[in-house]
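Student: generate a structure from the sequence data that follows.
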Amino acid sequence: MSDQKNEKLSVVKGIVTEALPSTLFRVKIPARNATQSVAGGDDKNEIDTEQEILAYLSGKMRMHRIKVLIGDAVEVVLDSYGGKGRIIKRL
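Tutor: Model prediction:
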């Protein structure tokens, strides 16, 4: 169990796009590893793409009743599989 706490958490900033029941939110975050190779060369250009993930409120935010609304900027800790995230801070 202590091995999991020592792992580096991937924290990203995003914007809430939709509020769902049970304190779930759709959050738009920048896509990971979004690169496109240029034809005929080894140079790679970064693409400005975004992806939406499903995120839930952390326990501290629930405990202190911090409200999150559509359009709010938030910090999200991504899980290791990349499908969901936990909102830890409202910016």
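
Student: partners of the stretch of helix or strand Gly85 belongs to, with directions?
Tutor: Per DSSP states H and E: Gly85 is located in strand 84-90. Within its sheet, strand 84-90 is paired with strand 50-57 (parallel), strand 73-78 (antiparallel), according to DSSP bridges.

Student: need these in CSV with mean pLDDT, can you?
Tutor: Formatted as CSV, those follow (pLDDT from 0 to 100):
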stretch, mean pLDDT
strand 50-57, 94
strand 73-78, 96
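
Student: and the ones you listed, which is most packed in?
Tutor: Using mean count of other CB atoms under 10 Å, the stretch among the strands paired with strand 84-90 with the largest mean neighbour count is strand 73-78, at a mean of 18. Where C-beta positions appear, they are placed from N, C-alpha and C, glycine not excepted.

Student: what sits up against that strand?
Tutor: Contacting residues not belonging to strand 73-78 are listed as 9-16, 25, 27, 29, 53, 55, 68, 84-91 [CB atoms under 8 Å, 6 or more residues apart in numbering].

Student: quick one: buried ones out of those?
Tutor: Buried by 16 or more other CB atoms under 10 Å: 14-16, 25, 27, 29, 53, 55, 68, 85-88, out of the contacts of strand 73-78.
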